[in-house]
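Novice: Below are the sequence and a predicted model; questions follow.
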Amino acid sequence: MASRKITYEVIPSASRLMRSLRDVGYDFNHAVADIIDNSIAARASEVTIDMRFDGEESWVRIDRKSVV
């Protein structure tokens, strides 16, 4: 008997991931702090954080410049 290969496409859900991380105590503040800590550990010479809080149009941008 021949076997059949079944393939599924799984599209990640950012909102589902955020809800599950929040449920285990990982929140927005921790995520931003982790990104900053990782940037420092990677020898970033500068970390810039830009934020806009406007309901559904809110965003955060974190940029780092590395030591060359």
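Specialist: Yep, that arrived.
Novice: From now on I want contacts and neighbour counts done on CA atoms only, so please keep to that.
Specialist: Fine.
Novice: Give me the distance between the closest residue in space to Ala42 that isn't next to it in sequence and Arg22.
Specialist: When the adjacent residues along the chain are set aside, Ala42 lies closest to Ser66, with 7.6 Å between them (Cα to Cα, 6 or more residues apart in numbering). Note on Ser66: its distance to Arg22, by Cα to Cα, to the nearest Å, is 30 Å.
Novice: likewise Lys65?
Specialist: Note on Lys65: its distance to Arg22, by Cα to Cα, is 29 Å.
Novice: If you count neighbours, what's buried in the host helix or strand of Val32?
Specialist: Val32 belongs to helix 28-41 when assigned by DSSP states H and E. For helix 28-41, the buried set under the neighbour-count rule, 16 or more other Cα atoms under 10 Å, comprises Ile36, Ser39.
Novice: Give me the residues contacting that helix.
Specialist: By Cα atoms under 8 Å, 6 or more residues apart in numbering, the residues outside helix 28-41 that reach it are Val47, Arg64.
Novice: The next helix or strand after it vs helix 28-41, what angle?
Specialist: Heading C-terminal from helix 28-41, the first helix or strand you meet, by DSSP H and E, is strand 44-52. Relative orientation of strand 44-52 versus helix 28-41 (axes from the mean of the first three to the mean of the last three Cα atoms, to 10 degrees): 160 degrees.
Novice: For strand 44-52, which strands pair with it and how are they oriented?
Specialist: With DSSP bridges as the test, strand 44-52 is paired with strand 59-66 (antiparallel).
Novice: any idea how far the residue nearest the centre of the chain lies from Asn38?
Specialist: With distances taken as Cα atoms, centre = their mean, the chain has Ala31 as the residue nearest its mean C-alpha position (7.0 Å). Separation of Ala31 from Asn38 (Cα to Cα): 11 Å.
Novice: Without its sequence neighbours, what residue ends up closest to Phe53?
Specialist: When the adjacent residues along the chain are set aside, Phe53 lies closest to Trp59, with 6.6 Å between them (Cα to Cα, 6+ apart).
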